[in-house]
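**Q** pasted the sequence and its predicted model underneath.
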Amino acid sequence: MGLFNFFNRKNGYSNDNAMPGVLPKMDLPAVPEDIFTESVKSPTENIQAPAERNINLLFEFLDRNHESKGYDDALVNPDISHLEQNLLSIKNELERTLRRVKTYYEDFIKEIDFHIESRSRSGMIDTVDELKMKKDIAEGHIKKVLEIEEDSHNDRGDGQGALMSYTRGFKNGLAAISHHTVLKRKI
């Protein structure tokens, strides 16, 4: 009996009849596969453009509830200069979002043009037609983005709605402060 066999016996392992170099079979707990591996999605699973760059990003911004943010901001800091700063911040965020979306579509259209030219040389008529349809959709999206951008520069349209809802929320917050601090008091 060797030195290591003595230690193994102490722990409940007996390896007297085992072949040299072969470890005894032990029941080990199952380890879930996701601990050591990461699943990777197929590139074809997400055919639509990522939401962080396409027109959906712009609409998510415009659909955001700016009124509740304005209300909460008024409760934190009821100063009118705070309202003006936050309106400017919303305008800047809208401009950044518009630039990001425009850049995405400009790059996407350049890429589509390359594929149209390349696939045309290869005689792939159906693929070229599909690419042209995709390009038409992208051009429609960028046209809508440019309309929203022009409207925002002229203080009208969808972008103005975000500013108006924030202002409405801020003023409602100011009214709530007045109501709870002054108007509820008995005179």
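**A** Arrived safely, thanks for sending.
**Q** what about residue 141, how many neighbours?
**A** Counted with other C-beta atoms under 10 Å, the neighbours of residue 141 add up to 21. All C-beta spots, glycine's among them, are computed from the backbone N, C-alpha and C.
**Q** ok, the one 4 residues further on next?
**A** Look at residue 145: counted by other C-beta under 10 Å, it has 20 neighbours.
**Q** dump the residue contacts of it.
**A** Shown here is residue 145, whose contacts under the criterion C-beta atoms under 8 Å, 6 or more residues apart in numbering are 55, 58, 98, 101-102, 105.
**Q** just the helices in the protein please.
**A** Taking DSSP state H as the criterion, the chain carries its helices at 3-10, 55-63, 66-76, 80-121, 125-153, 158-178.
**Q** can you list the buried residues in the last one?
**A** By neighbour count on 16 or more other C-beta atoms under 10 Å, the buried set for helix 158-178 is 158-159, 162-163, 165-167, 169-170, 172-174.
**Q** out of the contacts of residue 145, who has the most neighbours?
**A** When neighbours are counted by other C-beta under 10 Å, residue 101 leads the contacts of residue 145 with 26 neighbours.
**Q** was I right about that residue contacting residue 57?
**A** Yes - in this structure, residue 101 is within contact of residue 57 by C-beta atoms under 8 Å, at 5.9 Å.
**Q** for the helices of the chain, give me a markdown table that also has distance to residue 186 and mean pLDDT.
**A** Converted to a markdown table, the helices of the chain look like this (distance: least, C-beta to C-beta, whole Å; pLDDT from 0 to 100):
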| stretch | distance to residue 186 | mean pLDDT |
| --- | --- | --- |
| helix 3-10 | 82 | 55 |
| helix 55-63 | 43 | 90 |
| helix 66-76 | 23 | 91 |
| helix 80-121 | 29 | 94 |
| helix 125-153 | 47 | 94 |
| helix 158-178 | 16 | 90 |
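**Q** ok, which of those comes nearest residue 29?
**A** Checking the helices of the chain against residue 29 by C-beta to C-beta gives helix 3-10 as the closest, at 20.1 Å.
**Q** so who does the residue lying closest to residue 109 once chain neighbours are set aside touch?
**A** Of all residues beyond its chain neighbours, the one nearest residue 109 is residue 138 (5.4 Å), with distances taken as C-beta to C-beta, 6 or more residues apart in numbering. Residues near residue 138 by C-beta under 8 Å, 6+ apart: 105, 108-109, 112.
**Q** among those residues, name the buried ones.
**A** Burial by neighbour count, 16+ other C-beta under 10 Å: within the contacts of residue 138 this picks out 105, 108-109, 112.
**Q** report the two of those separated the most.
**A** Checking these against each other with C-beta to C-beta, the farthest-apart pair comes out as 105 and 112, at 10.1 Å.
**Q** how close does the residue nearest to residue 109 sit to residue 171?
**A** When C-beta to C-beta, to the nearest Å is the yardstick, residue 138 and residue 171 sit 40 Å from each other.
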